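K.L.:
Next come a sequence and a model predicted from it.
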Amino acid sequence: MAMMANKGASIRPGQEPDLLSPEIYEEATRYHSELPCTVTFETIPLSRGGWVKTRDYYGDVLKGVEVQGWGGAGGSLVLWVEELGIGFSYVTNAFGAPEAVLGDFRGKNLLEKVVRARKQELGLIP
């Protein structure tokens, strides 16, 4: 996820290859459409690569922050926040339809703390 947060580029240039070229990353993360989720029946915005791509993720600290990625049926999260340089993954042992796309409260709480800390580090919030 760190490479995705770095626009598909290596986080250690010269020590590892890039995951995606700049052109492929741009194409894969471009907004595609909104489709209904077959599990939660919510309409979700998708990138061309098939990931959720939204600025309407839940939580105050995430308001206006573009989050891309996906959640698993058990509440797991695999997300990145390009504008803050955050790659985030969380695996849980829960299972249920409401957690399928948005993750459960444990992952949400951790993600909010990571985003808040990064915003403070960048001077975006006090």
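P.N.:
Yes, it's here.
K.L.:
if I read this right, R48 contacts A28, doesn't it?
P.N.:
Yes - using C-beta atoms under 8 Å, R48 is in contact with A28, at 5.8 Å. In this view, the C-beta of every residue, glycine as well, is placed from N, C-alpha and C.
K.L.:
So between the two, which is more surrounded?
P.N.:
A28 (17 against 14; other C-beta atoms under 10 Å).
K.L.:
Same question for the more buried one, what's its three-state structure.
P.N.:
Under DSSP: H, G, I helix; E, B strand; the rest coil, A28 falls in the helix class.
K.L.:
centroid residue for this structure?
P.N.:
Centroid-nearest residue in the chain: L79, 2.6 Å away (criterion: C-alpha atoms, centre = their mean).
K.L.:
where does that one fall, helix, sheet strand or coil?
P.N.:
Of the three states, L79 takes strand under three-state DSSP.
K.L.:
In space, what's closest to it - neighbours in sequence excluded?
P.N.:
Leaving aside its sequence neighbours, L79 sits nearest to G69 (C-beta to C-beta, 6 or more residues apart in numbering; 3.3 Å).
K.L.:
and the one you found, what element?
P.N.:
Per DSSP states H and E: G69 is located in strand 67-71.
K.L.:
thinking again about what came up before, any idea what the residue nearest to the centre of the chain is bridged to?
P.N.:
G69, F88 (DSSP bridges).
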